[in-house]
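A.B. asks: Dropping a prediction and its sequence here:
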Amino acid sequence: MSTTVPLVNLADDLWPADGVPSDPLGQVVLASHLLGANRAVANIGGGNTSAKGVTTDHTGREVRAMWVKGSGSDLATMTEKNFTGLKLDELLPLMDRPDMSDEEMVAYVGRSMLDPTMPRGSIETLLHAFIPADHVHHTHPDGINVIAGAKNGEALIRECFGDRALWIPYIRPGFGLAKQIGEAVRDNPDAELVVLAKHGLVVWGDSAEDTYRRTISIINEAATFMNERAGDARRFGGPSDAASTLDEEGRLAVLDQILPSLRGAVSSERAKVLLVDQSAPAIEFVTSERAPELVTIGAACPDHLVHTKMLPMWVPFDPSSEDASVLVERVKERAAAYREAYRAYHAANAENPDVRMPGQTAGAVPISDPDPRVVLIQGVGLVGVGTTPKNASMSRDLYHRAIEVMAGADAVDEFVSLTAEESFAVEYWPLELYKLSLAPAPGELQGKVAFVTGAGGGIGRAISARLRAAGAVVAGFDLDADGAQEAVGPDGIGIGGDVTSEESVRAAYRDAVRRFGGVDILVSNAGIASSSAIEDTTLEEWERNHRILGTGYFLVSREAFRILREQATGGSIVFISSKNALVAGKNASAYSSAKAAELHLARCLAEEGGADGIRVNTVNPDAVLRGSKIWQGNWREERAANYGLSPDELEEHYRQRNTLKVLILPEDIAEATLHFASEARSGKSTGNILNVDGGVPAAYSR
C-alpha cells in the first residue's frame, strides 16, 4: 500500500506465559486489562467483559454466578471491586420474556446482585448472561468496526469469516439486543463471533485466555482482510495539496493565533479546556482529500457519542491561500453554527419516547451543552474539548478511533454511521448518561485555567493547590520550573521564567495556551522583599523591587488582558500585594512603594477590564512567614532588626500585633485568592482589596 501507516493495524496478543489467577473473577480482570491496554481493541471506558462460575451467597449456599463489568468503569484499570456479581439462575429465565423496558431491566438486575453494595452492572449485562459460555468479551475494536461501519458490512463480514460470524443489524443495547444475540448464538452452535452493525464485536469461550486470544485473532483476521482488500487505496484519498502546505512550525503559529478565540467560542455555557493534537494520524486526517466529507457522516461507535457528540466541528482553512487571521472570525462563526445545528438536532428528536427519563413527558428531555467536543481545523490539527483535561483527552482519544475506522471503511467501501434518531437515542439514553453521573461533582472552577506566578513559593504553592481543589487547571510560572511543576500537579504545567522579561512572559503564556487553550485567572504573586533605611537603599535594590513587583505585575497582566479579550468570556486577575501597600513603615521604602504601585495598577486595570468582564482585585497579606521563600532570606533578619527582635521572635511579634492575635498562613491567602477567582463568590466585585492580616488597624479601609 502506498500509505505512510497501515490501513488497519494488527493487535498484539499480550496473554502472559505465567502468573494467571486461578479463579474466574481474577482471570476476567486480567483479560480486561489486556484488552484495555490497546485502545484500538477496547475504547477508553468502552466494552465489557464477564465470567461465570460458582460462589456462595450471603446465606452460605452455593449459587451459579456471573461477574460482569460494572457501569462506568474502564477495562484497562478496573479491579475486582468494579465487577458486579449476579445470581445467574435468576437472569436466565428472562430469555423467555418477549420484551422488557430499560427501567424493568435495571430494577430486575439490581435485585439479582450478590451484594447490593456492588456497582450497577453494565448496560449489556443480559447480553453476557444469555450467551451460554463461561467467558464473554464485548469490545469495539478498529479491526472489526472498519467492517461494521461499512455500507456493505454484512457482505464483507460474510466474505471474511463465512458461517463462523453472526451479523446483527444495528439496535440500541438493552434487553432486545441481548435476547437477539442470545438466541442467535444458541441457534448457531458453530458460530465463533457476533458482529454488531455500527457497534462492535462479541466473542465467547470456555476460559478467559481462550476468549481473549480468540478476540485478538478475530480482530487481526478482519484487519488483514481489509488491508488486502484495500490494495493500493490511500487512507482518506491521500493528502490534499492545499491543506498539506503547513509544516509543524507553521501549524503551531496558526494555533497560537487562534486558540484563545476558539476556546471562547466553544465555552458558550461553561468553561472548557482544549487539548491540541498534532499527532501523525490527526494531521494525516485534517490534511486529507476526504476529511471534509467524512466528518459529516457521524460517530464510528455508539459508545463515543456522549463524549464526542454525533459530529465534530469542522473548520475549513486553505493554508495555501488564506492567512491565519481569517480563522479568528471563522472559528466563532463555525461554533455558533454548530450550536444552532445541535439545538435543531435536539428539537427534532426530543420527542423520542425511548430516551425519556421515568416520569418525563414528551419533549422534556433537557438539552446538553451544545458546544462541540471535537474540533478539526483543516490543515492544522485536532482539538479535544472538555470541562477537564481528562474529558478533553477522552474526546480526543475516541475521535482517534473514529479516524481509524473511517480510514478502513472508506478505503474499501463506504463509511456509514447511526442516523440522527439513533444517535440521539444513545446520546440522551438514561442508561448511558448514568455513567457520566458517576463522575465526581464538578468544582466551582471546573474548566477554568489559572496562571499563577511565583508558583514554586509557599504562597504560590498554596494558591495553586486551592485552585486545583476547586477544579481549575494551573499553569505555574516561576524561576524554579521544577518547583512550579510540583505545585501544579500532573494535570498542570510548570513553566520556568522571569516575570521581568517581556520575552519570557510571552513564552510562558504561549506554553499555557498551547497546553490548555487559554487562561481565565491570573494570580500575580511573584515577589521579593528587602528592608533598609532610605539612605542605605541602593539604586540596585530600589530598581529590583520595582522591576519584580511593578514591571513584573504589569507584564503578566498585559499579556493576560490580551488573551482574555480574545476569549471574550471575562476573567479574573488577582494581585497578591501586601499590607505595606496601605501602611507606611520605616526601613522598607523600596518594597512598600512598589507594593503601593501594584495596588494602584490593579485599580487602573479594573477600570480598563470592566467592559470586557475582566475583574481585577487585590489580596493584601501580612507577615506570612511559614513556607515563604522571602522570609527564608535576609528579609526575616532585616525586619527583626527593625523591631529590635531576634529572627525567632518575629512570628510571635506579628501574631500579637494584629487584632485577632492569629498567625497568617499561606492557606489563608489561598482562600482569599479563591474568593476573587471564583465568579460564584465575587462575580460582581472588581477594584477591591481583601486584607488577610488578622486585623491591622492602620490598614483598615477608609
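C.D. replies: Nice, I can see it.
A.B. asks: and Glu62, how many neighbours?
C.D. replies: 9 (other C-beta atoms under 10 Å). The C-beta positions use only the backbone N, C-alpha and C, and glycine is treated the same way.
A.B. asks: actually Glu503, sorry about that
C.D. replies: Around Glu503 there are 10 residues (other C-beta under 10 Å).
A.B. asks: Show me where the stretch 451-600 of the chain has its strands.
C.D. replies: 473-478, 493-496, 521-524, 571-576 (DSSP state E, counting those that start in this stretch).
A.B. asks: ok now the second one, how far from the chain's centre?
C.D. replies: Strand 493-496 has its C-alpha centroid displaced from the chain centroid by 20 Å (C-alpha atoms, centre = their mean, to the nearest Å).
A.B. asks: likewise the first one?
C.D. replies: What separates the centre of strand 473-478 from the centre of its chain is 18 Å, taken as C-alpha atoms, centre = their mean.
A.B. asks: Please enumerate residues in contact with it?
C.D. replies: 273, 388-389, 448-457, 460, 464, 467-468, 484-485, 487-489, 491-497, 499, 505, 508, 511-512, 515-516, 519, 526, 556 (C-beta atoms under 8 Å, 6 or more residues apart in numbering).
A.B. asks: circling back to that earlier point, could you redo the strands of the stretch 451-600 of the chain as CSV and give each row distance to Ala364, mean neighbour count and mean pLDDT?
C.D. replies: Output for the strands of the stretch 451-600 of the chain, formatted as CSV (distance: least, C-beta to C-beta, whole Å; neighbours: other C-beta atoms under 10 Å; pLDDT from 0 to 100):
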stretch, distance to Ala364, mean neighbour count, mean pLDDT
strand 473-478, 35, 30, 98
strand 493-496, 42, 22, 98
strand 521-524, 36, 30, 98
strand 571-576, 36, 28, 98
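A.B. asks: which stretch among these comes nearest Val405?
C.D. replies: strand 473-478 (30.5 Å; C-beta to C-beta).
A.B. asks: could the strands of the stretch 451-600 of the chain be laid out in CSV, adding distance to Leu193?
C.D. replies: Below are these laid out as CSV (distance: least, C-beta to C-beta, whole Å):
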stretch, distance to Leu193
strand 473-478, 42
strand 493-496, 44
strand 521-524, 52
strand 571-576, 53
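A.B. asks: among the contacts of strand 473-478, which are in helices?
C.D. replies: 389, 460, 464, 467-468, 484-485, 487-488, 505, 508, 511-512, 515-516, 556 (DSSP state H).
A.B. asks: Please report which of those residues has the highest neighbour count.
C.D. replies: Gly460 (33 neighbours).
A.B. asks: Quick check: it vs Arg120, distance?
C.D. replies: 42 Å (C-beta to C-beta, to the nearest Å).
A.B. asks: Which element is encountered next along the chain beyond the helix or strand bottoming out on mean pLDDT in the chain?
C.D. replies: Every helix and strand in the chain was compared by mean pLDDT, DSSP states H and E; the lowest is helix 634-642, with a mean of 74. Following helix 634-642 in sequence order, the next helix or strand is helix 650-657 (DSSP states H and E).
A.B. asks: Show me which residues of that following helix are buried.
C.D. replies: By neighbour count on 16 or more other C-beta atoms under 10 Å, the buried set for helix 650-657 is 650-651, 654-655, 657.
A.B. asks: in the chain, which ranges drop under the pLDDT threshold?
C.D. replies: Residue ranges of the chain with pLDDT under 70: 1-5, 354-363, 629-633, 635, 702.
A.B. asks: That one - how does it break down into domains?
C.D. replies: 24-230, 248-437, 449-621+667-693 (automatic domain parsing).
A.B. asks: Please identify which of those is closest to Ser701.
C.D. replies: Comparing these by C-beta to C-beta, domain 449-621+667-693 comes nearest, at 6.8 Å.
A.B. asks: Could you check how far that closest one is from the centre of its chain?
C.D. replies: 26 Å.
A.B. asks: and that domain, how far apart are its ends?
C.D. replies: Taking C-alpha to C-alpha, to the nearest Å, domain 449-621+667-693 runs 28 Å from one end to the other.
A.B. asks: returning to that earlier point: report all helices and strands that the least confident helix or strand of the chain contacts.
C.D. replies: helix 650-657 (3 or more C-beta pairs under 8 Å, 6 or more residues apart in numbering; DSSP states H and E).
A.B. asks: now the helix it packs on against helix 634-642, angle please.
C.D. replies: 60 degrees (axes from the mean of the first three to the mean of the last three C-alpha atoms, to 10 degrees).
A.B. asks: Could you identify the helix or strand that succeeds helix 650-657?
C.D. replies: helix 666-677.
A.B. asks: Return the angle between stretch directions for that next one and strand 571-576.
C.D. replies: Using the same axes, to 10 degrees, helix 666-677 lies at 150 degrees relative to strand 571-576.
A.B. asks: which other helices and strands contact whatever helix or strand comes next after helix 666-677?
C.D. replies: Helices and strands here follow DSSP H and E; after helix 666-677, the next one along the chain is helix 679-682. Using 3+ C-beta pairs under 8 Å, 6+ apart, the elements in contact with helix 679-682 are helix 666-677.
A.B. asks: ok so, going back, export the buried residues of helix 650-657 to JSON lines and tack on distance to Ile216?
C.D. replies: Formatted as JSON lines, the buried residues of helix 650-657 follow (distance: C-beta to C-beta, whole Å):
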{"residue": "Leu650", "distance to Ile216": "67"}
{"residue": "Glu651", "distance to Ile216": "64"}
{"residue": "Tyr654", "distance to Ile216": "67"}
{"residue": "Arg655", "distance to Ile216": "66"}
{"residue": "Arg657", "distance to Ile216": "72"}
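A.B. asks: ok so, going back, list the buried residues for the least confident helix or strand of the chain?
C.D. replies: 635-636, 638-640, 642.
A.B. asks: quick one, which of the domains of the chain is nearest to Pro239?
C.D. replies: Comparing the domains of the chain under C-beta to C-beta, the one sitting nearest is domain 248-437, at 5.3 Å.
A.B. asks: And the closest one, end to end?
C.D. replies: The first-to-last residue distance of domain 248-437 comes to 39 Å (C-alpha to C-alpha).
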